[in-house]
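In: take a look and give me a structure for this.
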Amino acid sequence: MGAWSLKLLWMLVLGIWSFSPNAATDALTLSWTNNLLTVHGPNLPGGKLEIWYPEAFCRKGSRDRDWGETTWPYKTVLRSAEPQFLQFRTRIEPDVDVRHAVRIQENEILFSYCLYNTGKVAIDIEWFQPACIRVAEFTGCNQSNYTAKSFIFT
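Out: Now for the predicted structure:
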């Protein structure tokens, strides 16, 4: 083979390698309905991981209030969906707009958020719970005994 043929063969091999599907990424897909984000994958226990997404946007003083008084009312809309990328818009009453996305990348799930106060006064959102993972089925247990297979990072 001449030098040009070897270069072309090398470029084809590199091109195939760089554009070949990543098994870890392609195995995972996303879906969302009624505030339930689902990560699907053949290697996940039960074939899926369910996540309440988003869960709550909270006021200051949340430790000293009832949960119903802690959270702000909100509505989330799915703006676009691809198997490995979802975009959302959440409206928190009265005047906060949240643009957020979930993306599957190599061996990870990325969550991104931008919060905008569209009103003229400050809004008392001190913190938020972006996701609440439903781990019972994921651990191979049920709602009453999954803690036996759970751990806490501190």
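In: please count neighbours and contacts with C-alpha atoms only from this point.
Out: Fine.
In: show me the shaky parts of the chain.
Out: Scanning the chain with the threshold set as pLDDT under 70 gives 1-26, 153-154.
In: so what pairs up with the most centrally placed residue in the chain in the strands?
Out: Closest residue to the average C-alpha location of the chain: Val102 at 4.3 Å, with C-alpha atoms, centre = their mean. Beta-bridge partners recorded for Val102 (DSSP bridges): Leu86, Phe111.
In: Cys132 contacts Trp52, correct?
Out: Yes - applying C-alpha atoms under 8 Å, one finds Cys132 in contact with Trp52, separated by 5.0 Å.
In: more neighbours: which of those two?
Out: A side-by-side neighbour count of Cys132 and Trp52, using other C-alpha atoms under 10 Å, places Trp52 first with 19 against 15.
In: residue ranges for the strands of the protein, please.
Out: 29-33, 36-40, 48-52, 56-58, 74-82, 85-92, 96-105, 108-117, 127-129, 132-134 (DSSP state E).
In: can you put the ones you listed in CSV and add distance to Tyr146?
Out: Shown next, in CSV, are these (distance: least, C-alpha to C-alpha, whole Å):
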stretch, distance to Tyr146
strand 29-33, 24
strand 36-40, 19
strand 48-52, 14
strand 56-58, 23
strand 74-82, 29
strand 85-92, 29
strand 96-105, 26
strand 108-117, 23
strand 127-129, 21
strand 132-134, 10
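In: which of these sits closest to Ser144?
Out: For the strands of the chain, the distance to Ser144 is smallest for strand 132-134, at 12.4 Å, taking C-alpha to C-alpha.
In: that closest one pairs with which strands?
Out: strand 48-52 (antiparallel).
In: just the C-alphas of the partner strand, formatted as PDB.
Out: Provided in PDB are the C-alpha atoms of strand 48-52 (Å, rounded to 0.1, in the frame of the first residue of the first chain):
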ATOM      1  CA  LYS A  48     -35.100   1.500  34.900                       C
ATOM      2  CA  LEU A  49     -34.500   4.100  37.500                       C
ATOM      3  CA  GLU A  50     -37.400   6.400  38.400                       C
ATOM      4  CA  ILE A  51     -36.800   9.900  39.700                       C
ATOM      5  CA  TRP A  52     -39.400  12.600  40.800                       C
END
